[in-house]
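K.L.:
please find the sequence and the predicted model below.
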Amino acid sequence: MNIDRAVLAFAGLFILLSLGLAQLHSPLWLLFTALVGVVMLQAAFTRFCPLALILRAAGLKPGSAFD
């Protein structure tokens, strides 16, 4: 798995998790969903992703999006 796939997997997991928590506990969890969306949008324009930095430090190989 490369960094690009891991970032997409984490984003998808966090979105689904926050949607489930919003359904079960509090609609305020939708703010977390919005935060994930904002960070993904920001990364699309700036090519800077905090998670990509962490995954690179953990030893994952970069893909084409975050190199």
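P.N.:
On my side now, so go ahead.

K.L.:
and the helix ranked longest in the chain, what's buried?
P.N.:
Taking DSSP state H as the criterion, the chain has its longest helix at helix 3-24. Within helix 3-24, the residues scored as buried using 16 or more other C-beta atoms under 10 Å are 3, 4, 6, 7, 11, 14, 18, 21, 22. Where you see a C-beta, it was placed from the backbone N, CA and C, and this is true even at glycine.

K.L.:
run through the chain and note the low-pLDDT ranges.
P.N.:
Within the chain, the segments meeting pLDDT under 70 span 66-67.

K.L.:
if we use 90, what do you get?
P.N.:
The chain contains residues with pLDDT under 90 at 1, 47, 62-67.

K.L.:
closest to residue 50 out of the buried residues of helix 3-24?
P.N.:
residue 7 (9.9 Å; C-beta to C-beta).

K.L.:
does that closest one touch residue 49 like I think?
P.N.:
Yes - in terms of C-beta atoms under 8 Å, residue 7 counts as a neighbour of residue 49; the distance is 6.0 Å.

K.L.:
against residue 40, how distant is the residue positioned nearest the centre of the chain?
P.N.:
When C-alpha atoms, centre = their mean is applied to the chain, the residue found nearest the centroid is residue 11 (3.2 Å). According to C-beta to C-beta, to the nearest Å, residue 11 and residue 40 sit 6 Å apart.

K.L.:
can you check residue 18 too?
P.N.:
Using C-beta to C-beta, we find residue 18 at a distance of 13 Å from residue 40.

K.L.:
repeat that for residue 24.
P.N.:
Distance, residue 24 to residue 40, by C-beta to C-beta: 24 Å.
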